[in-house]
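> Sharing a sequence plus its predicted fold:
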Amino acid sequence: MRIGVDVLGEDEMIAANRGYWEAVVESHFDSDFYEVDKWLSTGLSMREREEDLLGDLTDKDVVHLQCHFGKDSLSIAAAGARVIGIDYSQTAIEKARELARRVGLFERCSFEICSVEEVAVTFVKDLADLVYVSLGAICWIAKIDSWAKAVDHLLRQGGVLFMHEVHPLAQMVERVDGNWSLSGDYFEKDSPMIDESEGSYVDGSDDLGTFKTYIWNHSIGEIVTALTSRGFVITHLEEHSWTSFLNAEGMTKSTNEHFVQPDGWVQLPLSFTLMATKR
């Protein structure tokens, strides 16, 4: 990962990112990382912690932003909600629709090709009781305010945003010689962090070739301010020393499927959970 100004403009960088997401769908769907077969065999269950925080979702209208191939969207639908999954990857949406038919939830869970930036011109206002955002979503958005605008557009008054995301500090550190080392900016910048590597973040995807992708960091303060400036009230904000994927070599998997930092490491926040209500 490096920081720098590329010759590409923002639209071209977003197009490059979209090309990456188009290319990795099949590899992700078949990977041990996403464990689709295990998820299918256990009844499409949501993560226990999310169930506790979200409560009863029966007949709630939910929009899942940046849904990828729809696994989490369908878990929410299986819990009784009516769900719209949104993603800018056509390949991902086609896979999500195929999966919805396979599990018999196509009538409760629809999928639409749309970027976050296009939400306000694609969907009517006040559509949802809940907007759901999960790990590795907002780093693909150049301006956090455009994301907050989409959330505001979608939610009804009294509606709730739920997000469990990669902590911005985790986006800017890496393990070097047994210690955490800074390798990026904490705050949102016009110039993104640039990653050029083989495959994607799941094992076994190296044969996909090399991709150059562009991600933008957004601080906790920038996320909160983008929401509160639009009248949202933050009702829950919790930082976690664990994450749901392997952030660095040497981390271990706990009994509840979280990857944790071993004793002896400087403990950093690796993910966070935020809930906000639209007033």
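Cool, the structure landed. Numbers count the residues shown, from 1 in each chain.
> secondary structure class for Val233?
Following DSSP: H, G, I helix; E, B strand; the rest coil, the label given to Val233 is strand.
> What strand or helix carries the closest residue to it other than its chain neighbours?
Distances taken as CB to CB, 6 or more residues apart in numbering place Thr277 nearest to Val233, at 5.0 Å, with adjacent residues excluded. (C-beta placed from N, C-alpha, C; glycine too.) Here Thr277 sits within strand 271-278, counting by DSSP states H and E.
> hmm, who's touching that strand?
Contact partners of strand 271-278, identified using CB atoms under 8 Å, 6 or more residues apart in numbering, comprise 53, 135, 152, 155-167, 170, 220, 223-224, 227, 230-240, 242-244.
> Quick one: buried ones out of those residues?
Among these, those buried by neighbour count (16 or more other CB atoms under 10 Å) are 152, 155, 159-167, 170, 220, 223-224, 227, 230, 232, 240, 242-244.
> any idea which element Glu257 lies in?
Counting by DSSP H and E, no helix or strand carries Glu257.
> list the contacts for it?
Glu257 touches Ser244, counting by CB under 8 Å, 6+ apart.
> Now do it, the pLDDT please.
Glu257 carries a pLDDT value of 74.
> Report how many residues lie close to the closest residue to Ser254 other than its chain neighbours.
Computed as CB to CB, 6+ apart, the closest residue to Ser254 that is not its neighbour in sequence is Val260, at 5.1 Å. Number of residues near Val260 (other CB atoms under 10 Å) recorded here: 18.
> was I right about Val260 contacting Ser244?
No. Using CB atoms under 8 Å, Val260 makes no contact with Ser244, being 11.0 Å away.
> still on that earlier bit, let me know how buried the residue nearest to Val233 is, in neighbour terms.
When neighbours are counted by other CB under 10 Å, Thr277 comes out with 17.
> low-confidence ranges in the stretch 1-150 of the chain?
1-7 (pLDDT under 70).
> from memory Phe245 sits against Phe33, does it?
Yes. Taking CB under 8 Å as the definition, Phe245 is a contact partner of Phe33 at 7.0 Å.
> Common neighbours of these two, please.
Common contacts of Phe245 and Phe33, defined by CB under 8 Å, 6+ apart, comprise Tyr201.
> Bridge partners for the residue nearest to Ser254, pull those for me.
On the basis of DSSP bridges, Val260 is bridged to Thr252.
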